[in-house]
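Colleague: My questions are about this predicted structure, shown below with the sequence.
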Amino acid sequence: MPRIGAFVLETLTTGMYTNPLDTLREYVQNSFDAIREAERSGLLSNGAGRIEISVDEGSRNLTLRDNGTGILANNVNSRLVNIGMSSKSILADAGFRGIGRLAGIAYCRRLVFRTQSNGDFDISSVAFDCDELRQAMSPRMKQVKELADVINSYASVTTEKTRKKDHFLEVTMEGINEVGQSFLEWKKINTYLCQVAPVGLDMQSFHHAGTIHQWLRVHNIAVPAVSIIITSGSTNYQVFKPYRKLTYTTIREKHKIHVKGIRFFPENAGPDSPFWGWYAETNCPGTFGDDTVAGFRLRKANIGIGMADRMTEIFAEASESYARFNNYFMGEIHIQDSNIIPNARRDGFEDSHEWTAIWKSLVDFARERSREAHQLSQARNLDIERLVGPAEREIAAANKKRKTGLASKDEKSRVLEKIDSQIDKLDAAKKAERNESEQNEIDRVRKELQKTRQSIEHETTFVVQKLSASLDKKQRKIISEIIGILYDMLDEDSFEKARDAILAKYQVPDKENDR
């Protein structure tokens, strides 16, 4: 039989995770799986799942407790002591490799698991002597011990009787060392968990949370979530996703980033779609200064995968120069395809045909968003003449069309889109460093654009309504259809000339209009 040395344990703990707090993500993930199983079995109602994290700075302890299914006493040894052997489903559960629970060994003196299953009157405990385990797996050891022998030597399993019927799993990191100092700082815990944990949006703080929830209801998409409460001294804090504000600032020069709305993609996504996402519609003045929201974030089962780094790689795949644009946006991409599996470190996904297909779709999406951000960036850097000139020409063109008559509702919509585009460019340009004179000129032209937009928006008469009354109904309809066809077939300049010629012959004279 193959023999496995204790050195492997180092790879499965400190070697597996880059951030000590990744350990907490593993425990939250395990609790989340137990809570979802409790919901599926009817032990908990949907939304009743709860994870409590208690920090005791004085004793340097951290405890995480959930109200999930717990573990039967007969299964505790196989579930909590065995390594890399999990009974979880690769399709239904977020964690399934059976190694995440070992992560805490690197950061504390003693790691203790306590659990009780519903209907079981035994509370089982598994304790790991982490100091001895770290010593045994140290590369400085002259003699390699077998992993199974080491685990048997420094793990103990005990059982105590109870009269109370309950279901829970509790993890305690006792005597947290200096390397694990972040486990004792609740603000750091919250900053980390709000980005990766399967929690919900704060409906009270985030104005657009309702928009996202409504879209999910309409599209019949369920996003699993759990309540996480952090307690430290007198602090009692619920963890929500970090999206809370309507205004942020850029990392440089502190320009304002305004969240104007929410966009979704694919717009026709449903419960069987491989993925879906949302992102904030903003003026894209630069990189978000708030690291917790900057960039698109990948999520599977609502658990964060790789922070913003993975999507930055996808933006770079679209073009190396586009990598920076990921952090011009904030949003989430939820992977729904059950065939797509997070890797062991949970900072990416295992290679598969399904993930490759989504990757390609996301590269196309990143390319579109990058071009959008680039265009707005160019607008901010335009000199005042090149900026104001096109806007004033658009004003003149729109006013002319309003005077001679819009061809149709479609043309009205396109005129409004062009005006909106100029307004966006002015708004973006105003974020750049400009003197007072230039700022005033931008404000003046913007007001003119807004005034013109309102005039076009309230326009309810089209060319056919301005034709001479001497024409019968059939003639007016034919002329209207001809103008519509010309609008569809000709370029803008040619259409203007053709329409002017038609109206000069058939439009109501100005005096008749005045009457």
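Modeller: Great, that's in hand.
Colleague: which residues of the stretch 151-300 of the chain fall in strands?
Modeller: In the stretch 151-300 of the chain, the strands defined using DSSP state E, counting those that start in this stretch lie at 155-161, 168-176, 227-232, 235-238, 247-249, 256-258, 261-265, 275-281, 295-300.
Colleague: now for the longest one, which elements pack on it?
Modeller: When contacts are defined as 3 or more CB pairs under 8 Å, 6 or more residues apart in numbering; DSSP states H and E, strand 168-176 packs onto helix 22-40, strand 61-66, strand 108-116. For glycine as for every other residue, the C-beta is placed from the backbone atoms N, C-alpha and C.
Colleague: By mean pLDDT, show me the worst of the strands of the stretch 151-300 of the chain.
Modeller: Of all the strands of the stretch 151-300 of the chain, mean pLDDT reaches its minimum on strand 256-258 (a mean of 86).
Colleague: among the helices and strands packed on strand 168-176, which is nearest Phe275?
Modeller: helix 22-40 (19.9 Å; CB to CB).
Colleague: and of the helices and strands packed on strand 168-176, who's closest to Lys430?
Modeller: Nearest of the helices and strands packed on strand 168-176 to Lys430, taken as CB to CB: helix 22-40 at 41.2 Å.
Colleague: what angle sits between that closest one and strand 108-116?
Modeller: Between helix 22-40 and strand 108-116, the angle comes out at 0 degrees (axes from the mean of the first three to the mean of the last three CA atoms, to 10 degrees).
Colleague: May I see the helices and strands packed on strand 168-176 arranged in JSON lines, with distance to Ala366 as well?
Modeller: What follows is the helices and strands packed on strand 168-176, written out as JSON lines (distance: least, CB to CB, whole Å):
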{"stretch": "helix 22-40", "distance to Ala366": "25"}
{"stretch": "strand 61-66", "distance to Ala366": "36"}
{"stretch": "strand 108-116", "distance to Ala366": "40"}
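Colleague: Compare these and report which one is nearest to Asp131.
Modeller: It is, among the helices and strands packed on strand 168-176 and with distance given as CB to CB, strand 108-116, at 5.7 Å.
Colleague: Please identify which of the helices and strands packed on strand 168-176 is closest to Leu467.
Modeller: Per CB to CB, nearest to Leu467 of the helices and strands packed on strand 168-176: helix 22-40, 66.0 Å.
Colleague: so what's Ala398 scoring on pLDDT?
Modeller: Predicted confidence (pLDDT) for Ala398: 88.
Colleague: Could you do the one 5 residues further on as well?
Modeller: The predicted structure scores Lys403 at 67 on the pLDDT scale.
Colleague: Can you tell me the closest non-neighbouring residue to Tyr107?
Modeller: Excluding the flanking residues, the one nearest Tyr107 by CB to CB, 6 or more residues apart in numbering is Gly180, at 3.0 Å.
Colleague: what residue is smack in the middle of the protein?
Modeller: Nearest to the mean C-alpha position of the chain, by CA atoms, centre = their mean, lies Glu332 at 1.7 Å.
Colleague: That residue is in contact with Val293, isn't it?
Modeller: No: at 10.2 Å, Glu332 does not count as touching Val293 under the criterion of CB atoms under 8 Å.
Colleague: got the angle for the one helix or strand Ile314 maps to vs strand 275-281?
Modeller: Per DSSP states H and E, Ile314 falls inside helix 309-318. Angle, helix 309-318 to strand 275-281, by the same axes, to 10 degrees: 90 degrees.
Colleague: Could you list every helix and strand in contact with helix 309-318?
Modeller: Using 3+ CB pairs under 8 Å, 6+ apart, helix 309-318 sits against strand 295-300, helix 353-381.
Colleague: Could you grab the helix/strand/coil label for Gly42?
Modeller: coil (DSSP: H, G, I helix; E, B strand; the rest coil).
Colleague: Repeat that for the one 5 residues further on.
Modeller: When the structure is reduced to helix, strand and coil (three-state DSSP), Gly47 reads as coil.
Colleague: Identify the bridge partners of the residue nearest to the centre of the chain.
Modeller: Beta-bridge partners recorded for Glu332 (DSSP bridges): Trp278, Arg297.
Colleague: per-residue confidence for it?
Modeller: Looking at Glu332, its pLDDT reads 98.
Colleague: Likewise for Gly49?
Modeller: On the pLDDT scale, Gly49 gets 95.
Colleague: Excluding chain neighbours, give the residue nearest to it in space.
Modeller: In space, not counting the residues next to it along the chain, Gly49 is nearest to Ile35; the distance is 3.4 Å by CB to CB, 6+ apart.
Colleague: Report the buried residues of stretch 436-454.
Modeller: 438, 441-442, 445-446, 448-449, 452-453 (16 or more other CB atoms under 10 Å).
Colleague: could I get these as JSON lines with distance to Phe315, secondary structure and pLDDT?
Modeller: Shown next, in JSON lines, are the buried residues of stretch 436-454 (distance: CB to CB, whole Å; DSSP: H, G, I helix; E, B strand; the rest coil; pLDDT from 0 to 100):
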{"residue": "Glu438", "distance to Phe315": "32", "secondary structure": "helix", "pLDDT": "79"}
{"residue": "Glu441", "distance to Phe315": "35", "secondary structure": "helix", "pLDDT": "87"}
{"residue": "Ile442", "distance to Phe315": "30", "secondary structure": "helix", "pLDDT": "88"}
{"residue": "Val445", "distance to Phe315": "33", "secondary structure": "helix", "pLDDT": "91"}
{"residue": "Arg446", "distance to Phe315": "31", "secondary structure": "helix", "pLDDT": "92"}
{"residue": "Glu448", "distance to Phe315": "36", "secondary structure": "helix", "pLDDT": "93"}
{"residue": "Leu449", "distance to Phe315": "32", "secondary structure": "helix", "pLDDT": "94"}
{"residue": "Thr452", "distance to Phe315": "36", "secondary structure": "helix", "pLDDT": "93"}
{"residue": "Arg453", "distance to Phe315": "33", "secondary structure": "helix", "pLDDT": "92"}
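Colleague: Using a markdown table, lay out the residues you listed together with distance to Thr460.
Modeller: Formatted as a markdown table, those follow (distance: CB to CB, whole Å):
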| residue | distance to Thr460 |
| --- | --- |
| Glu438 | 37 |
| Glu441 | 33 |
| Ile442 | 31 |
| Val445 | 26 |
| Arg446 | 25 |
| Glu448 | 22 |
| Leu449 | 21 |
| Thr452 | 16 |
| Arg453 | 15 |
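Colleague: Farthest pair within the residues you listed?
Modeller: For those, the farthest-apart pair by CB to CB is Glu438 and Arg453; their separation is 22.3 Å.
Colleague: From Gly210, how far out is Asp22?
Modeller: Using CB to CB, to the nearest Å, Asp22 is found at 32 Å from Gly210.
Colleague: Of the two, give the one with the bigger neighbour count.
Modeller: Legend: neighbour count by other CB atoms under 10 Å for Asp22 and Gly210, higher for Asp22 (17 against 12).
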